[in-house]
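> Just need the structure, nothing else, for what follows:
(one chain, ligands or ions: 1)
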Amino acid sequence: MNLQGTSAVVTGGASGLGLATAKRLLQAGAKVTIADLATSSGKLVAEELGASVQFVAADVTDTAAMEAVYDAAERWGPVRALVHCAGRGGAVRLVEKDGSPGSLETYEAVIRTNLVGTFNTLRLAAVRMARNERIDGGDRGACVLTASVAAFEGQIGQIPYASAKAGVVGMTIVAARDLATKGIRVCTIAPGLFDTRAAGPAAATGEGFARAVGSAPGAARHAGRIRALAQHIWRTRCSMAKPSASTAPFAWRRAKRTAQPMNAQSTARAEPDPTAIRWPRCLAAFAS
Ligand SMILES: NC(=O)c1ccc[n+]([C@@H]2O[C@H](COP(=O)([O-])OP(=O)(O)OC[C@H]3O[C@@H](n4cnc5c(N)ncnc54)[C@H](O)[C@@H]3O)[C@@H](O)[C@H]2O)c1
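Numbering: from 1, shown residues only. Here you go, the predicted structure:
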């Protein structure tokens, strides 16, 4: 899908992977609406990025606020691209170190932002996109969601985060199927460790970050990888891609060698689906 002159929404766009993607969308000629918390640096970021970027303060779990985001974005034209990067962490152990049970409040709060917020953002975007005219052979829009390697391999303490991100992975094929006939594609990227604020205090310095991922050399990625992948998803018209950047060096090599997806079962099941699963090609092309 050609992004020139289109209106795009990036949630969590004030920082990290969302900000990197907002910049890439801007370069591709899109008008970008950044939706992020009122406490974020979204206003400043939008001012720095210029007249084709606007900031609308919104919590992704708040329906009225997200409607206002899409209203603002539609003033620049039909919204054809959503990149949903808003997310948060929150450590919980089932049995905490002092013997108390893990916090239900924290568990619910992380699920609310990362999972309920994703559903809310996606459903409201889909309603808008479904009204768009079809372009580029049938597309009305494309939505890129953000999961995490934790959806598949969470660490101790990541139980709320891993549960939420597994939920995002789970909703992806359902959403892709649900929206396929409407000409709306849905893909989820499951990043590994990227050098952003969300990666924790270790990311504050390049050196600290390198130490933090020392057990997996080369696994830490710059946010540019994500924005490039998000852009690639629009260009190749793939749907339901689930490339994981966590094992990136291995995954890219494997994809090149075999042209097979890492999640072979889900792709195989989905083959007859009208969403035309193209993720091996998508990943292989990205890796090349
Ligand atoms: N950085 C990593 O290593 C990594 C790895 C895997 C997945 N992810 C995921 O990628 C996404 C982006 O992460 P990042 O590294 O750029 O983090 P980040 O902290 O730099 O950016 C996240 C942004 O989301 C915003 N946000 C948080 N809660 C919100 C809410 N309720 N409503 C609106 N905005 C909200 C924050 O204000 C922030 O600007 C997240 O979903 C994160 O879970 C990151």
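> what about the helices in the stretch 51-200 of the chain?
63-74, 104-111, 117-129, 150-153, 159-180 (DSSP state H, counting those that start in this stretch).
> a markdown table for those helices, including distance to residue 9 and mean neighbour count?
Just so you know, the C-beta spots here come from the backbone N, C-alpha and C atoms, and that holds for glycine as well. Putting those into a markdown table (distance: least, C-beta to C-beta, whole Å; neighbours: other C-beta atoms under 10 Å) gives the following:
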| stretch | distance to residue 9 | mean neighbour count |
| --- | --- | --- |
| helix 63-74 | 5 | 18 |
| helix 104-111 | 22 | 16 |
| helix 117-129 | 7 | 21 |
| helix 150-153 | 23 | 18 |
| helix 159-180 | 16 | 21 |
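> any chance of those in CSV, plus mean pLDDT and distance to residue 50?
What follows is those, written out as CSV (pLDDT from 0 to 100; distance: least, C-beta to C-beta, whole Å):
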stretch, mean pLDDT, distance to residue 50
helix 63-74, 98, 16
helix 104-111, 98, 34
helix 117-129, 98, 24
helix 150-153, 97, 35
helix 159-180, 98, 31
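> Which stretch among the ones you listed approaches residue 13 most closely?
helix 63-74 (10.4 Å; C-beta to C-beta).
> who touches the nearest residue to residue 182 once chain neighbours are set aside in this structure?
Excluding the flanking residues, the one nearest residue 182 by C-beta to C-beta, 6 or more residues apart in numbering is residue 130, at 4.7 Å. Going by C-beta atoms under 8 Å, 6 or more residues apart in numbering, residue 130 touches 140, 179, 182, 184.
> out of these, which are inside strands?
residue 184 (DSSP state E).
> Among the contacts of residue 130, which pair sits farthest apart?
It's 140 and 179 that sit farthest apart of these, by C-beta to C-beta, at 8.8 Å.
> Mutual contacts of those two, please.
129-130.
> which residue is nearest the middle of the protein?
Closest residue to the average C-alpha location of the chain: residue 146 at 2.5 Å, with C-alpha atoms, centre = their mean.
> is it true that it touches residue 85?
Yes. Between residue 146 and residue 85 there is a contact at 5.1 Å, judged by C-beta atoms under 8 Å.
> overlap in contacts of these two?
12, 17.
> hmm, back to that, for the residue nearest to the centre of the chain, list each beta-bridge partner.
residue 189 (DSSP bridges).
> ok, it to residue 24 distance?
14 Å (C-beta to C-beta, to the nearest Å).
> How about residue 143: what's its closest non-neighbour residue?
Leaving aside its sequence neighbours, residue 143 sits nearest to residue 82 (C-beta to C-beta, 6+ apart; 4.4 Å).
> Got phi/psi on residue 76?
Taking degrees, to the nearest 10, you get phi -100, psi 0 for the backbone angles of residue 76.
> State the pLDDT value of it.
You'll see residue 76 listed with a pLDDT of 97.
> Return the residues in contact with residue 28.
When contacts are counted by C-beta under 8 Å, 6+ apart, residue 28 touches 3-4, 231.
> Turn the residues you listed into TSV, including pLDDT and neighbour count.
Below are those laid out as TSV (pLDDT from 0 to 100; neighbours: other C-beta atoms under 10 Å):
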residue	pLDDT	neighbour count
3	85	22
4	89	8
231	72	21
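> Would you agree residue 70 is in contact with residue 128?
Yes. If you go by C-beta under 8 Å, residue 70 and residue 128 touch, sitting 5.2 Å apart.
> can you list residues touching both of these two?
residue 79.
> Around the ligand, which positions in the chain sit nearby?
11-12, 14-18, 36-37, 40, 59-61, 85-88, 113, 117, 146, 148, 191, 193-194, 196-199 (C-beta under 6 Å from any ligand atom).
> Contacts only, for the residue nearest to residue 143.
So residue 82 contacts 8-11, 121-122, 125, 129, 141-144 (C-beta under 8 Å, 6+ apart).
> show me the contacts for the residue in the stretch 51-200 of the chain that the ligand sits nearest to.
As assessed by C-beta to the nearest ligand atom, the ligand sits closest to residue 87 within the stretch 51-200 of the chain, at 2.3 Å. Residue 87 sits next to 12, 113-114, 117, 146, 198 when contact means C-beta under 8 Å, 6+ apart.
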